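In: Return atomic coordinates for the entry below.
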Amino acid sequence: MGEITMLTKATSKSKSLRTTVPMGILKQFNLSEGDKLSWEIRAEDGELIIVVKPLKGGRRDES
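Out: Take a look at the predicted model:
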């Protein structure tokens, strides 16, 4: 099993949740504040898998 993080409320009034991206993942993918991640849910072998990918270039100013 890989890294474990905990979900917390994004803000006190929000229904959204957030988590921390572990430092090892930040370093491996050269991520920093403002970078964008793509989230996808897949069904594989009877399980739901969440796939998180940095967007090409990863920077907020690239679309």
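In: Can you get me a residue count around residue 12?
Out: 5 (other Cβ atoms under 10 Å). The way it works is simple: take the backbone N, C-alpha and C, and place the C-beta from them, glycine included.
In: From residue 26, how far off is it?
Out: Look at residue 12 and residue 26: by Cβ to Cβ, to the nearest Å, they are 26 Å apart.
In: in the chain, which spans are strands?
Out: 8-9, 17-18, 37-44, 47-54 (DSSP state E).
In: residues in contact with the last one?
Out: The one in question is strand 47-54. For strand 47-54, contacts defined as Cβ atoms under 8 Å, 6 or more residues apart in numbering pick out 29, 31, 35-43.
In: Buried subset of these, written for PyMOL?
Out: Listed next is the PyMOL selection for buried residues among the contacts of strand 47-54, using 16 or more other Cβ atoms under 10 Å:
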select buried, resi 31+35+36
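In: CSV for the contacts of strand 47-54, including pLDDT and distance to residue 20?
Out: What follows is the contacts of strand 47-54, written out as CSV (pLDDT from 0 to 100; distance: Cβ to Cβ, whole Å):
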residue, pLDDT, distance to residue 20
29, 90, 15
31, 93, 12
35, 94, 14
36, 94, 17
37, 94, 13
38, 95, 18
39, 95, 16
40, 97, 20
41, 97, 21
42, 97, 23
43, 97, 27
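In: Tabulate the contacts of strand 47-54 (TSV), appending distance to residue 49.
Out: Listed next are the contacts of strand 47-54 as TSV, based on distance: Cβ to Cβ, whole Å:
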residue	distance to residue 49
29	18
31	21
35	22
36	20
37	15
38	14
39	11
40	9
41	7
42	5
43	7
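In: With that, I have no additional questions.
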